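Asker: just a sequence and a predicted model for now, questions to come.
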Amino acid sequence: MSETTQGVRIRTGSQTLRTSIELLSSMRFAIALLTVICIASVIGTVLKQHEPTINYVNQFGPFWAKLFATLQLNAVYSAWWFLVILAFLVISTSLCIVRNTPKILADLRTYKENIREQNLRAFHHKAEATLAQDAATEARRIGQMLAGGGWKVKLQQRDTAAGPGTGWMVAAKAGAANKIGYIAAHSAIVLICLGGLFDGDLVVRAQMWFNGKSTFAGGGMIADVPAAHRLAATNPTFRGNLMVTEGTQSSTAILSQSDGILVQELPFSLELKKFIIEHYESGMPKLFASDVVIHDKATGEKTEQRIEVNHPARFKGIEIYQSGFDDGGSSVTLSALPMVPKASGFEVQGVIGGRAQPLKDTGGEPLALELVSLRTINVENFSDSGEKTSSGADVRKVDLGASIGARMGAANKTAKNKDLRNVGPSIGYKLRDAAGQAREYHNYMLPVDMGDGNPPVFLLGVRESQAETFRYLRVPVDEQGGIDGFMRMRLALQDPAAREQAVLRYATQAMEGGRKEMVEQLAQSASRTLALYAGGPDEDGQYIGGLPAIARFLEKNVPEAERERASEVLVRILNGALYELAQLTRQQAGLKPLESNEQTLAFMTQMVVALSDAQIYPAPVVLALKDFTQVQASVFEVARAPGKNIVYLGCALLIVGIFAMLYIRERRVWVWVKPHDGGAHATMALSTNRKTMDGDREFAQLTEKLIGVAPTSRHGGST
């Protein structure tokens, strides 16, 4: 904004004070602050903000997670150092405005008509000519022509060698709004920063510093949070979240801080009558809306409104946005299906988000059940692209380069089509052991058709922590559309007596009419194979089962040249023994035997893989969703942001200022007219803040129009 980068220079006070004020008001200091703010903003954009501490530990490790928390990089925009930098930027820019505004205003009022004749000849744009009429007449003519062209003109009469008052200086200026643009742009920075500070955490932190407020890091009911962690309804600025369950109302919002929360009292109570969600045919949501009733605490007045995304409600200066939705405490009924012989089947009833409840009859150590989530609609992409696809729900798994590349190039190149399907409800829960360690599970209620001729499967997901993705056990669906066939096979596989009976049936049928020694030999091989597959401790004491156990057996006992042929024999024996085991379990359940067809072949193929993977399923029971009664909850963002009007004003000034600085050129024209040989001699010059081709053309037009000659260059040549 100024011609130099120096700051305000004061002549009183100590040397340290004078130096500090000069540095604080200098342009180089403001630019340095802007650079730091830009770097901090990049960090705040790349690093996810306000995430749970465990997420940073899982992703970056304990050292970096602790460093981020210490520097408050996990909450950059509310960090004390970021607010201090913004405050210094406001002070620095304000001092810059105070320092330069008087100069600019004074410059706008003056025409600089006292410039000397010899100085005009030093300008880049200059011209000289002899005029026919006397100096006074020519000066008035030139002044009138400039004024008619939109210039502001001032005439000054001077003394010359020809006599007192015989010379005339015509001074004109245009484009003064260019300098106003500097003031507007710098004022915009101050206003935007002030609006950001006022609508940010500065006011909340001031209450924590001076009013004895502190964050709350405990648990329990919101109503039980002490007053030291609550902000009054008169709080001038805040932004928080409010979750309301259908049929209930709430009057307190939660303000998330880096080390806990604050409870914000609202001047109204928000009642959710109904949460509305509409979906496309693919199952993707297309509308979120909430029918609410706003209860005024002061007057008791009730106001009904509908809140949609991008259509907030407003009440007493507070805006209520539709932020999202959640489960409001749906009741569910789960069926516990045993995965180990000691466990037994039972039913569990609970509420999503409710307290943990102990599980009995699990056949092992005590476990506590925590119901985490109920999703009634799950939209998945089943497109057969031949490539590994990733979920768009997790940005860490989105290949941005591939996504852009798929949409660039030839006009006939398009992104691959998606096959989006709703696969039905799912339940999410945690099983916590006596030591407090928990695993998270995610099971789908309905079977999922995976395509490619594969049989439908139940998906049973598990992960060790939230930083991991779910790993799914694919359980084939029996002809009744359930999971009972797999469970019977799983339990029978753990029963040595059932295995021996299945092995005997397999060997007898496979060697029908053969010698007894051959039948016994095949039975021994099948028994050993099925025992390896069923699982148990190996020579090192580690538990191993399924197909990995058979692979290890081949590596240790069969030469490498014979492994391929031996593996084919063992897999054939395994498939035959498992088929007879399946027939045995169906017979015991009173079901008809499996028919020998393609459907049975696909079912048994998936069964072999599922039983192998089930060896490492880390739970004694599978909790399948049997029934549910959904209760929706709507998540709102409530904000009182008076600073936004200041920010809007700052944005408007910034647009005006940048437009003025970029598209308006400040120009000044001087024409010195003095008597010469019965006429007059004119010396003309033009000054502009930017050298452009437009300036050259404008000066050429002015010289032709005002004094009737072409302009000359600085060295006196023709231009």
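Answerer: Cool, got the structure. Residues are numbered from 1 along each chain as shown.

Asker: identify the single longest helix in this structure, thanks.
Answerer: helix 80-109 (DSSP state H).

Asker: other SSEs contacting that helix?
Answerer: If you count contacts as 3 or more Cβ pairs under 8 Å, 6 or more residues apart in numbering; DSSP states H and E, helix 80-109 packs onto helix 15-24, helix 27-46, helix 177-199, helix 202-210. Using the backbone N, CA and C atoms, a C-beta is placed for each residue, glycine as well.

Asker: ok, the nearest residue to V332 once chain neighbours are set aside - contacts?
Answerer: Leaving out its chain neighbours, the residue that sits closest to V332 by Cβ to Cβ, 6 or more residues apart in numbering is F628, at 4.5 Å. Applying Cβ atoms under 8 Å, 6 or more residues apart in numbering to F628 gives the contacts S330, S331, V332, T333, L374, T376, P425, I427.

Asker: model confidence for the third one, exactly?
Answerer: Looking at V332, its pLDDT is 94.

Asker: helix, strand or coil for it?
Answerer: The local conformation at V332, judged by DSSP: H, G, I helix; E, B strand; the rest coil, is strand.

Asker: what about it, distance to V76?
Answerer: Separation of V332 from V76 (Cβ to Cβ, to the nearest Å): 39 Å.

Asker: who's more crowded, these two?
Answerer: A count of neighbours by other Cβ atoms under 10 Å puts V332 above the other of V332 and V76, at 23 against 20.

Asker: residues contacting that one?
Answerer: Per Cβ under 8 Å, 6+ apart, neighbours of V332: Q349, G350, V351, I352, L371, L374, I427, L625, D627, F628, T629.

Asker: neighbour-wise, which one of those residues leads?
Answerer: Result: L371 is most packed of the contacts of V332 (other Cβ under 10 Å), 26 neighbours.

Asker: and that residue, what are its phi and psi?
Answerer: Note on L371: its backbone torsions stand at phi -80, psi 120 [degrees, to the nearest 10].

Asker: okay, the helices and strands packed on helix 80-109, which one's buried deepest?
Answerer: helix 177-199 (a mean of 20; mean count of other Cβ atoms under 10 Å).

Asker: for that one, the averaged confidence score.
Answerer: Mean predicted lDDT for helix 177-199 stands at 89.

Asker: leaving out chain neighbours, which residue sits closest to S612?
Answerer: Using Cβ to Cβ, 6+ apart, the closest residue to S612 is G546 (3.1 Å).

Asker: what does P267 give?
Answerer: That would be A233: by Cβ to Cβ, 6+ apart, it lies 4.5 Å from P267.

Asker: please list all residues in contact with the one you found.
Answerer: For A233, the contact set (Cβ under 8 Å, 6+ apart) comprises E265, L266, P267, K297.

Asker: any idea which helix or strand carries it?
Answerer: If you go by DSSP states H and E, A233 is not part of any helix or strand.

Asker: any idea how far F315 is from it?
Answerer: 12 Å.

Asker: identify the contacts common to the two.
Answerer: Shared contacts of A233 and F315 (Cβ under 8 Å, 6+ apart): none.
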